[in-house]
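Chemist: pasting the structure only:
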(Lines give C-alpha, C1' and ligand atoms only; values in the text may rest on other atoms or scores of the structure.)
Protein backbone atom coordinates (compact mmCIF):
# COMPACT_ATOMS: atom_id res chain seq x y z
CA UNK A 1 0.00 0.00 0.00
CA UNK A 2 2.85 2.37 0.84
CA UNK A 3 4.49 1.87 -2.55
CA UNK A 4 1.18 2.43 -4.33
CA UNK A 5 0.54 5.69 -2.48
CA UNK A 6 4.12 6.83 -3.07
CA UNK A 7 3.80 6.07 -6.77
CA UNK A 8 0.54 8.02 -7.00
CA UNK A 9 2.13 10.89 -5.10
CA UNK A 10 5.09 11.07 -7.50
CA UNK A 11 2.89 10.72 -10.60
CA UNK A 12 0.56 13.47 -9.36
CA UNK A 13 3.54 15.76 -8.78
CA UNK A 14 4.92 15.12 -12.27
CA UNK A 15 1.63 15.31 -14.17
CA UNK A 16 0.01 18.17 -12.22
CA UNK A 17 2.75 20.42 -10.85
CA UNK A 18 5.05 19.98 -13.84
CA UNK A 19 2.69 21.54 -16.42
CA UNK A 20 1.93 24.44 -14.07
CA UNK A 21 5.63 25.17 -13.55
CA UNK A 22 6.34 25.11 -17.29
CA UNK A 23 3.25 27.03 -18.42
CA UNK A 24 3.61 29.67 -15.69
CA UNK A 25 7.25 30.21 -16.66
CA UNK A 26 6.32 30.63 -20.33
CA UNK A 27 3.46 33.06 -19.69
CA UNK A 28 5.38 36.31 -18.88
CA UNK A 29 7.27 36.46 -22.22
CA UNK A 30 4.03 35.91 -24.12
CA UNK A 31 2.33 38.56 -21.98
CA UNK A 32 5.04 41.07 -22.89
CA UNK A 33 4.43 40.34 -26.57
CA UNK A 34 0.78 41.36 -26.15
CA UNK A 35 1.91 44.94 -25.44
CA UNK A 36 4.98 45.02 -27.70
CA UNK A 37 3.23 46.70 -30.64
CA UNK A 38 2.25 49.95 -28.95
CA UNK A 39 4.93 50.10 -26.26
CA UNK A 40 2.41 51.96 -24.05
CA UNK A 41 0.56 50.86 -20.93
CA UNK A 42 -2.70 49.12 -21.75
CA UNK A 43 -5.96 50.90 -21.06
CA UNK A 44 -4.61 54.44 -21.30
CA UNK A 45 -6.15 57.03 -23.58
CA UNK A 46 -2.76 58.10 -24.91
CA UNK A 47 -2.12 54.66 -26.27
CA UNK A 48 -5.51 54.68 -27.94
CA UNK A 49 -5.20 58.18 -29.39
CA UNK A 50 -1.60 57.99 -30.59
CA UNK A 51 -0.66 54.34 -30.97
CA UNK A 52 -3.79 53.43 -32.88
CA UNK A 53 -3.55 56.47 -35.16
CA UNK A 54 0.03 55.72 -36.08
CA UNK A 55 -0.88 52.07 -36.57
CA UNK A 56 -3.61 53.13 -38.96
CA UNK A 57 -1.38 55.51 -40.90
CA UNK A 58 1.66 53.25 -41.15
CA UNK A 59 0.66 49.66 -40.47
CA UNK A 60 -2.29 49.67 -42.85
CA UNK A 61 -0.30 51.31 -45.61
CA UNK A 62 2.43 48.72 -45.18
CA UNK A 63 -0.17 45.96 -45.31
CA UNK A 64 -1.54 47.40 -48.55
CA UNK A 65 1.91 47.70 -50.09
CA UNK A 66 3.14 44.28 -49.04
CA UNK A 67 0.33 41.91 -48.18
CA UNK A 68 -2.00 42.96 -50.98
CA UNK A 69 0.82 43.27 -53.44
CA UNK A 70 1.86 39.67 -52.98
CA UNK A 71 -1.68 38.36 -52.68
CA UNK A 72 -0.97 36.88 -49.26
CA UNK A 73 -2.36 37.94 -45.88
CA UNK A 74 -0.07 39.80 -43.52
CA UNK A 75 1.83 37.46 -41.22
CA UNK A 76 0.81 37.52 -37.59
CA UNK A 77 3.44 37.64 -34.84
CA UNK A 78 4.35 34.32 -33.31
CA UNK A 79 2.84 33.50 -29.92
CA UNK A 80 -0.16 35.82 -29.60
CA UNK A 81 -3.26 36.09 -27.52
CA UNK A 82 -4.23 32.47 -28.14
CA UNK A 83 -0.96 31.14 -26.73
CA UNK A 84 -1.10 33.38 -23.66
CA UNK A 85 -4.71 32.40 -22.95
CA UNK A 86 -3.86 28.71 -23.38
CA UNK A 87 -0.96 28.95 -20.93
CA UNK A 88 -3.23 30.62 -18.37
CA UNK A 89 -5.84 27.91 -18.74
CA UNK A 90 -3.22 25.21 -18.31
CA UNK A 91 -2.06 26.83 -15.07
CA UNK A 92 -5.62 27.18 -13.81
CA UNK A 93 -6.74 23.62 -14.62
CA UNK A 94 -3.62 21.83 -13.43
CA UNK A 95 -3.54 23.93 -10.26
CA UNK A 96 -6.81 22.24 -9.28
CA UNK A 97 -5.45 18.81 -10.17
CA UNK A 98 -2.37 19.58 -8.09
CA UNK A 99 -4.45 19.21 -4.92
CA UNK A 100 -3.86 15.48 -5.32
CA UNK A 101 -0.14 15.95 -4.62
CA UNK A 102 -0.37 16.85 -0.89
CA UNK A 103 -3.29 14.44 -0.44
CA UNK A 104 -1.26 11.46 -1.60
CA UNK A 105 1.77 12.87 0.19
CA UNK A 106 -0.01 12.93 3.55
CA UNK A 107 -1.39 9.45 2.96
CA UNK A 108 2.11 8.17 2.18
CA UNK A 109 3.57 9.91 5.22
CA UNK A 110 0.90 8.36 7.41
CA UNK A 111 1.74 4.89 6.11
CA UNK A 112 5.42 5.50 6.78
CA UNK A 113 4.76 6.99 10.21
CA UNK A 114 6.73 10.17 9.46
CA UNK A 115 4.00 12.80 9.71
CA UNK A 116 5.82 14.41 12.63
CA UNK A 117 9.26 14.46 11.00
CA UNK A 118 10.75 17.89 10.45
CA UNK A 119 11.47 17.32 6.75
CA UNK A 120 7.85 16.39 6.03
CA UNK A 121 6.43 19.26 8.08
CA UNK A 122 8.76 21.66 6.26
CA UNK A 123 7.71 20.22 2.92
CA UNK A 124 4.04 20.71 3.74
CA UNK A 125 4.62 24.30 4.83
CA UNK A 126 6.48 25.04 1.59
CA UNK A 127 3.71 23.34 -0.39
CA UNK A 128 1.09 25.56 1.25
CA UNK A 129 3.21 28.64 0.48
CA UNK A 130 3.58 27.57 -3.16
CA UNK A 131 -0.16 26.94 -3.47
CA UNK A 132 -0.94 30.33 -1.93
CA UNK A 133 1.51 32.05 -4.27
CA UNK A 134 -0.08 30.36 -7.26
CA UNK A 135 -3.68 30.99 -6.27
CA UNK A 136 -3.35 34.48 -4.79
CA UNK A 137 -0.64 36.03 -6.96
CA UNK A 138 0.29 34.19 -10.16
CA UNK A 139 -3.14 33.23 -11.53
CA UNK A 140 -4.80 36.60 -10.73
CA UNK A 141 -1.91 38.54 -12.28
CA UNK A 142 -2.04 36.38 -15.39
CA UNK A 143 -5.77 37.02 -15.72
CA UNK A 144 -5.25 40.76 -15.14
CA UNK A 145 -2.65 41.02 -17.89
CA UNK A 146 -4.88 39.11 -20.28
CA UNK A 147 -7.80 41.34 -19.40
CA UNK A 148 -5.71 44.48 -19.94
CA UNK A 149 -5.01 43.18 -23.45
CA UNK A 150 -8.73 42.56 -23.98
CA UNK A 151 -8.41 38.77 -23.80
CA UNK A 152 -10.71 36.45 -21.89
CA UNK A 153 -13.17 39.15 -20.85
CA UNK A 154 -16.86 38.37 -20.41
CA UNK A 155 -19.40 40.26 -22.46
CA UNK A 156 -19.78 43.75 -21.06
CA UNK A 157 -16.78 43.38 -18.74
CA UNK A 158 -14.39 46.33 -18.82
CA UNK A 159 -10.66 45.77 -19.21
CA UNK A 160 -8.66 46.22 -15.98
CA UNK A 161 -6.15 49.06 -15.87
CA UNK A 162 -2.52 48.00 -15.74
CA UNK A 163 -0.31 51.13 -15.64
CA UNK A 164 2.83 49.35 -16.87
CA UNK A 165 2.10 45.92 -18.40
CA UNK A 166 5.75 45.12 -19.09
CA UNK A 167 6.75 45.82 -15.49
CA UNK A 168 3.76 43.78 -14.35
CA UNK A 169 4.94 40.89 -16.53
CA UNK A 170 8.41 41.17 -15.00
CA UNK A 171 6.97 41.02 -11.47
CA UNK A 172 4.89 38.03 -12.52
CA UNK A 173 8.04 36.31 -13.77
CA UNK A 174 9.69 36.84 -10.38
CA UNK A 175 6.67 35.42 -8.56
CA UNK A 176 6.70 32.42 -10.89
CA UNK A 177 10.40 31.90 -10.20
CA UNK A 178 9.70 31.89 -6.46
CA UNK A 179 6.91 29.34 -7.02
CA UNK A 180 9.26 27.05 -8.95
CA UNK A 181 11.98 27.47 -6.34
CA UNK A 182 9.61 26.43 -3.56
CA UNK A 183 8.71 23.26 -5.42
CA UNK A 184 12.37 22.53 -6.13
CA UNK A 185 13.13 22.70 -2.41
CA UNK A 186 10.18 20.40 -1.69
CA UNK A 187 11.49 17.86 -4.21
CA UNK A 188 14.95 17.94 -2.62
CA UNK A 189 13.46 17.44 0.84
CA UNK A 190 11.39 14.51 -0.39
CA UNK A 191 14.46 12.83 -1.85
CA UNK A 192 17.04 13.60 0.84
CA UNK A 193 14.63 13.38 3.83
CA UNK A 194 17.17 14.79 6.33
CA UNK A 195 16.94 13.09 9.70
CA UNK A 196 14.69 10.31 8.44
CA UNK A 197 15.43 6.70 9.37
CA UNK A 198 12.92 5.10 7.01
CA UNK A 199 14.21 3.20 4.04
CA UNK A 200 10.96 3.14 2.09
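Modeler: Perfect, I can see it now. From a predicted model like this one, the values you see are computed outputs, not experimental measurements. Residues are numbered from 1 along each chain as shown.

Chemist: who does the helix or strand where residue 95 lies touch, helix- and strand-wise?
Modeler: Using DSSP states H and E, residue 95 falls within helix 81-97. Applying 3 or more CB pairs under 8 Å, 6 or more residues apart in numbering; DSSP states H and E, we find helix 81-97 packed against helix 18-34, helix 139-148. In short, each C-beta sits where N, CA and C put it, glycine included.

Chemist: Dump these into CSV; add distance to residue 184 and mean pLDDT as well.
Modeler: Output for these, formatted as CSV (distance: least, CB to CB, whole Å; pLDDT from 0 to 100):
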stretch, distance to residue 184, mean pLDDT
helix 18-34, 9, 95
helix 139-148, 20, 94
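
Chemist: How is the residue lying closest to residue 168 once chain neighbours are set aside assigned, secondary-structure-wise?
Modeler: Take residue 168 and drop its neighbours on the chain: the residue closest to it by CB to CB, 6 or more residues apart in numbering is residue 162, 5.3 Å away. Assigned state for residue 162: coil (three-state reduction, DSSP: H, G, I helix; E, B strand; the rest coil).

Chemist: From residue 156, how far off is the residue lying closest to residue 145 once chain neighbours are set aside?
Modeler: Nearest residue to residue 145, sequence neighbours excluded (CB to CB, 6+ apart): residue 31, at 4.7 Å. Distance, residue 31 to residue 156, by CB to CB, to the nearest Å: 24 Å.

Chemist: Looking at the two, which has the bigger crowd around it?
Modeler: residue 31 (30 against 5; other CB atoms under 10 Å).

Chemist: Contact partners for that one?
Modeler: 84, 142, 145-146, 149, 165, 168-169, 172 (CB atoms under 8 Å, 6 or more residues apart in numbering).

Chemist: Residue 147 too?
Modeler: 153, 157, 159-160.

Chemist: let's see 7 Å
Modeler: 153, 159-160 (CB atoms under 7 Å, 6 or more residues apart in numbering).

Chemist: Quickly note the distance from it to residue 81.
Modeler: 12 Å.

Chemist: Same question for residue 105.
Modeler: 37 Å.

Chemist: Between those two, which is the more surrounded one?
Modeler: A direct count of neighbours by other CB under 10 Å for residue 105 and residue 81 places residue 105 higher, at 23 against 15.

Chemist: Show the pLDDT at the more buried one.
Modeler: The score at residue 105 is 92. That number is its pLDDT.

Chemist: What strand or helix carries the nearest residue to it once chain neighbours are set aside?
Modeler: Using CB to CB, 6+ apart and skipping the chain neighbours, the partner closest in space to residue 105 is residue 9 (5.1 Å). Per DSSP H and E: residue 9 is located in helix 2-12.

Chemist: Having no further points to raise, I will conclude here.
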